[in-house]
Structures are given as structure tokens and as C-alpha cells.
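Engineer: Fold the following and give me the result.
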Amino acid sequence: MTNPTEHNLTQKQFLFCEHLIQTRNGTKAARLAGYKGNDNVLAGVAHGNIRNPKIQAYLNERYAETCMSSDEVLSLLAKIARASVSDYCDENGIIDWKKVAADGYSIKAVMKAKLEFEGKLRALELIGRAHAMFIDKIAPTDPTGTKEYGADTRSDLISKLLPGIAAKATGGETEEADD
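Structural biologist: Numbers count the residues shown, from 1 in each chain. Predicted coordinates:
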């Protein structure tokens with residue numbers, strides 16, 4: 001584990017870092033670390049602490065210890081997606097529970113010696129999202145969420161861009177005066 005004394009942190013700075021890792025809330029972390037003041041003051045303390053190079057270095061080391069890297073996440077998802085029940089059965093079809101436990105899989109169900117791994121399809125979905133293979137929404141919506149930007153019909157676009165042509169195409173009159 002990272003040693004806070006290596007980074008020359010005060011006790012409050014150390015506590016702030018540890019609470020920040022747990023809560024992901026700077027104001028709350030400052031309060032729990034023992035800093036005094038209202039939420040605005042504590043938010044300012046948190047902002048200053050987070051910008052402190054010594055605290056940043058300590059937090060980076062702690063996050064490296066406690067968090068998974070994106071490569072590690074993708075690697076584990078790939079392992080789940082590639083998992084096969086046959087990898088955990090002997091030649092007689094008996095499940096080797098020690099091997100399952102050693103690989104750390106989350107088991108969804110066991111019925112009459114049937115083994116089903118949790119989340120194979122979900123793992124594939126998450127890998128696909130990490131590689132931006134899916135598009136959930138083609139166009140963003142307006143602030144009300146009722147209309148997609150870029151979803152105008154062809155006639156809407158024509159009438160906006162070329163009102164004279166649109167009126168003639170629809171049999172109407174133009175709004176522009178003839179010269």
C-alpha cells in the first residue's frame with residue numbers, strides 16, 4: 001500500500017484522500033477529514049487539495065492500487081465472454097468446482113450438474129461498447145427530448161433553406177415580393 005509519509009501529506013490531507021477514494025465527493029471527503037466550514041468552504045478546500053501535486057501523486061498511486069485499468073477490465077470481460085463450461089468438466093462431465101472457483105467466475109445457476117456462467121452476453125456487450133461498436137442514438141435530441149436534431153424531413157429542410165422553391169414545389173406562393 002502507498003505510504004502517505006512518502007508524499008509528505010499531513011494527517012488531514014491523507015484522510016481527505018482516503019475519504020475521496022471512498023465517497024468520490026470532495027466536499028464530503030473534506031468534512032470527513034476534519035476540515036471545518038460550510039459546504040462552499042469545504043468545496044474550496046477540496047478543490048485546492050485535488051490540485052495539490054503531492055495529493056495528486058498520492059491519489060494516482062492509490063487509484064492504481066484499488067482500481068482496475070481499462071485493459072484489465074477488457075481482459076476480464078474477454079475471459080468471461082470466452083468461458084466454456086467444457087473447460088470446467090472432466091471427461092465424465094463432472095464439474096470441477098475447484099477450477100471454477102480458482103478462475104473466479106460468478107456462477108449464475110447450477111441445476112442438475114448444469115453450470116451457467118453469469119453475464120456472457122453482457123460481457124460481450126460491454127466489450128463492444130468499449131470498442132464503440134454500437135450506436136445507441138444516431139442524433140441528439142433537443143432539450144425537451146421530443147425531437148432529434150438532424151431528423152427533419154426532406155420537405156422541412158427544403159422549406160428552411162429555400163422557402164421560394166418549397167412554395168413552388170408545393171403549389172403555394174412565395175413569401176418574397178417579385179422585383
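Engineer: I'd say residue 43 and residue 26 touch.
Structural biologist: Yes. If you go by C-beta atoms under 8 Å, residue 43 and residue 26 touch, sitting 6.6 Å apart. Heads up, the C-betas are built off the backbone N, CA and C, glycines and all.
Engineer: ok, the two, which is more surrounded?
Structural biologist: residue 26 (20 against 16; other C-beta atoms under 10 Å).
Engineer: if you skip the residues just before and after it, what's nearest to the more buried one?
Structural biologist: residue 46 (2.9 Å; C-beta to C-beta, 6 or more residues apart in numbering).
Engineer: now swap in residue 126 and tell me
Structural biologist: residue 77 (5.4 Å).
Engineer: Kindly provide the distance from the one you found to residue 121.
Structural biologist: Relative to residue 121, residue 77 is positioned 11 Å away (C-beta to C-beta, to the nearest Å).
Engineer: Neighbour count for those two, which is higher?
Structural biologist: residue 77 (20 against 9).
Engineer: residues contacting the more buried one?
Structural biologist: Residues near residue 77 by C-beta atoms under 8 Å, 6 or more residues apart in numbering: 123, 124, 126, 127, 130.
Engineer: got a markdown table for those residues, with pLDDT, distance to residue 34 and neighbour count too?
Structural biologist: Compiled in a markdown table, the contacts of residue 77 are given as follows (pLDDT from 0 to 100; distance: C-beta to C-beta, whole Å; neighbours: other C-beta atoms under 10 Å):
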| residue | pLDDT | distance to residue 34 | neighbour count |
| --- | --- | --- | --- |
| 123 | 75 | 42 | 20 |
| 124 | 76 | 46 | 16 |
| 126 | 78 | 39 | 16 |
| 127 | 78 | 43 | 16 |
| 130 | 74 | 39 | 12 |
